[in-house]
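Participant: Structure for this input, please:
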Amino acid sequence: MPRLVNRHPDRISRLLLGLLPFLLVLAVYLLASAERLAANPNDKLLPGFAAFGAAIWRMAALPSERSGELLLWADTMASLARLAWGLGISAAIGLVVGIVNGVIPLARAGLSPFVAGLSLIPPMAVLPILFIVFGLGEVSKVALIVIGIAPVIVRDLQARALELPVELIVKAQTLGANTWTLILRVVLPQLLPRLLDALRLSLGGAWLFLIAAEAIAASEGLGYRIFLVRRYLAMDVILPYVAWITLLAFAIDWALRLLSRRAFPWFAASAGGGR
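Facilitator: Next comes the predicted model:
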């Protein structure tokens, strides 16, 4: 009898096993909702699917009487733009500083303690400072994402750079590579797929900081809408928005994973390790 650690599901089984927890949560919700609605048809805590459908149609297909916009799509575009700026800037900072810290000992001695200190600061604690310095506009929201995830990416890429085999670095220098050539031809190709992995791992934190900033000071965005309608106990809007954010995060994670597999197949194969 094969050991449990050696049994691998096929593609269909993996799909079904992945869907099972979601189906169980959905079933529990439907049962709880039906019970509450039977006791009180106007219950707002656990609305039925009909209420969800009406709310989604109102937010996604009917122009707002106030602004004339389709609110779901306007909120989505605003949040995705902020998220894209935050992830892009964080990736650039993480790649540059992570490589410099990992390759150049003098830079590591000066910058590594500073980056470590930054990574330990709770980003939400500096949000009021960001609003004071940058105002309530887009810059403060993007800055919160960058402060929240860039130090973590820097430390991760620095650690990966330090894990590169010493023989590889010595061989490149033996063949005449200077520091710049060593970074471009040896270190950078090794760290680019790890940067994509670091972005995937930081995605949850980026969404958290984005929604927190939007909830405090914004006029549109997914986080802004959720905190706006909470005062009315509008769970028929809040829960679809939460599900939509989850779907967007899953799509971004899937896109980054696909990009890593297509651009760096050697890394995907080594990371999979046959498992």
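
Participant: Could you say which helix or strand holds the residue sitting nearest the centre point of the chain?
Facilitator: Most central in the chain under C-alpha atoms, centre = their mean is Leu203, positioned 1.3 Å from the mean C-alpha point. Assigning secondary structure by DSSP states H and E places Leu203 in helix 188-216.

Participant: how close does Ser64 get to Glu220?
Facilitator: Distance check for Ser64 against Glu220: by C-beta to C-beta, to the nearest Å, it reads 10 Å. Yep, even glycine has a C-beta here, placed from its N, CA and C like the rest.

Participant: neighbour count winner among the two?
Facilitator: The neighbour comparison of Ser64 against Glu220 (other C-beta atoms under 10 Å) goes to Glu220, with 18 against 12.

Participant: Can you give me the neighbour number for the closest residue to that one other than its chain neighbours?
Facilitator: Once flanking residues are discounted, Glu220 sits nearest to Ala78: 4.6 Å by C-beta to C-beta, 6 or more residues apart in numbering. When counting by other C-beta under 10 Å, one arrives at 21 neighbours for Ala78.

Participant: Find me the pLDDT at Ala78, would you?
Facilitator: What the model reports for Ala78 is a pLDDT of 95.

Participant: Do I have it right that it meets Gly221?
Facilitator: Yes: if you go by C-beta atoms under 8 Å, Ala78 and Gly221 touch, sitting 4.6 Å apart.

Participant: What segments of the stretch 101-250 of the chain are helices?
Facilitator: Secondary structure of the stretch 101-250 of the chain (DSSP state H, counting those that start in this stretch): helices located at 105-119, 127-134, 138-162, 166-174, 179-182, 188-216, 222-229, 235-263.

Participant: and the shortest one, what's its mean pLDDT?
Facilitator: Meaning helix 179-182. Confidence over helix 179-182 (mean pLDDT, whole number) is 88.

Participant: what packs against it?
Facilitator: For helix 179-182, the elements it packs on are helix 166-174, judged by 3 or more C-beta pairs under 8 Å, 6 or more residues apart in numbering; DSSP states H and E.

Participant: What are the contacting residues of the helix it packs on?
Facilitator: The contact list for helix 166-174, computed with C-beta atoms under 8 Å, 6 or more residues apart in numbering, reads 181-182, 185-186.

Participant: List the backbone torsions phi and psi for Ala217.
Facilitator: In this entry, Ala217 is assigned phi and psi values of phi -150, psi 100 (degrees, to the nearest 10).

Participant: Same check on Pro9?
Facilitator: phi -70, psi 150.

Participant: returning to that earlier point: closest to Arg11 out of the helices of the stretch 101-250 of the chain?
Facilitator: Distances from Arg11 to each of those were compared by C-beta to C-beta, and the smallest falls on helix 235-263, at 15.8 Å.

Participant: Show me which parts of the closest one are buried, residue by residue.
Facilitator: Neighbour-count burial for helix 235-263, counted by 16 or more other C-beta atoms under 10 Å, picks out 235-241, 244-245, 248, 252, 256, 260-261.

Participant: just stretch 100-107 next, same as before
Facilitator: For stretch 100-107, using 16+ other C-beta under 10 Å, the buried residues are 100-103.

Participant: For these, give me TSV that also has distance to Leu37 and pLDDT.
Facilitator: Converted to TSV, the buried residues of stretch 100-107 look like this (distance: C-beta to C-beta, whole Å; pLDDT from 0 to 100):
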residue	distance to Leu37	pLDDT
Val100	59	93
Asn101	57	92
Gly102	57	90
Val103	61	89
